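K.L.:
Here is a sequence with its predicted model. Questions after.
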Amino acid sequence: MDLVSRRMVEKAGINVDELVKLLVANAAAELTTFYYYTILRVNLIGMEGEGLKQITEDARIEDRNHFEALVPRIYELGGKLPDDMKAFHDISACPPARLPKDPSDVKAILQILLKAEQCAVNGYTHLCNLTCGKDHRTYELALAILNEEIEHEAWFAEFLGMGPSGHFARRTVGESPFVSKFLHA
C-alpha cells in the first residue's frame, strides 16, 4: 500500500520496515504473554497465590488488549503478522514467561511476572524514543501501552516487597485505561 501516513513516517526519518519489525515483535510478546500469564494465573493457588490472581488477570487481559491495539498499526504501516503462530512466538520481543520448575513457588511466579513486565517497559520505552516527534500515531499508542506496563511492573514489584506501587485495582478486569481508546469493538 502506498499510504500518505507511511510516507510521512518515512519522511520524518524513521525506517518504517524496522519500525514494523519492532511492532510485530512487541505484538508477539503481548500475545505470548497473554498465553503464558494464563498458565501462571491458573497456578496461583493457596493462601499466598490467591491474592495475586486478580492483578495477574488484569495484566493478562490488558496484554491481550495491547496486542489488539498494535495489530491495526502494523497493517497501517504496510506490515503484517506472520502466517505461522510458532514463528510469531519465536520473534517475540520478550522471552516466554514460562511456569517455573516448581509451579507452587508463588515468589518464583512473581519474579517471572515482574521480569516480563520489565521487558515490556524497556521495549515500549524504546518505541517511544524512536517515534517521539516523528510518528505521532505510533508514539501515542506505544506511550499508552508503556503507561499500563509500568503499572503492571509496579503491581508485581509491590507484591515482592519492593515498596508500595501507589496504584489501585482496576474497576473492571482488563480495563486498559490508557489503551482502551485504541480498541475497536
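P.N.:
Yes, it's here.

K.L.:
Can you get me a residue count around Asp17?
P.N.:
11 (other C-beta atoms under 10 Å). C-beta coordinates here come from the backbone N, C-alpha and C atoms, glycine included.

K.L.:
Distance from whichever strand or helix holds Lys115 to the middle of the chain?
P.N.:
When elements are assigned from DSSP states H and E, Lys115 belongs to helix 106-131. Mean C-alpha position of helix 106-131 versus that of the full chain (C-alpha atoms, centre = their mean, to the nearest Å) differs by 8 Å.

K.L.:
List the contacts of the helix-or-strand element of the chain with minimal mean pLDDT.
P.N.:
Taking mean pLDDT, DSSP states H and E as the measure, the chain has helix 46-50 as its least confident helix or strand, at a mean of 89. Helix 46-50 has contacts (C-beta atoms under 8 Å, 6 or more residues apart in numbering) with Asn43, Leu44, Ser104, Val106, Ile109.

K.L.:
Could you do stretch 76-83 as well?
P.N.:
If you take C-beta under 8 Å, 6+ apart as the criterion, stretch 76-83 is touched by 1, 3, 5-6, 9, 16, 19-21, 23-24, 27, 71, 74, 88, 91, 137-138.

K.L.:
State the distance from the nearest residue to Trp155 once chain neighbours are set aside to Glu48.
P.N.:
The shortest distance from Trp155 to any non-neighbouring residue, by C-beta to C-beta, 6 or more residues apart in numbering, is to Ile55 (4.7 Å). Remark: distance between Ile55 and Glu48 (C-beta to C-beta, to the nearest Å) = 14 Å.

K.L.:
circling back to that earlier point, go ahead and build a PyMOL selection from the buried members of the contacts of stretch 76-83.
P.N.:
In PyMOL, a selection of the buried entries from the contacts of stretch 76-83 looks like this (16 or more other C-beta atoms under 10 Å):
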select buried, resi 6+9+16+19+20+23+24+27+71+74+88+137+138
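
K.L.:
related to what we said a few turns ago, show me which residues of the strand or helix carrying the residue nearest to Trp155 are buried.
P.N.:
Under the criterion of DSSP H and E, Ile55 resides in helix 53-76. Of all the residues in helix 53-76, those buried under the rule 16+ other C-beta under 10 Å are 55-71, 73-74, 76.

K.L.:
what do you get for stretch 167-181?
P.N.:
Neighbour counts over stretch 167-181 (16+ other C-beta under 10 Å) mark Arg170, Gly174, Glu175, Ser176, Phe178, Val179 as buried.
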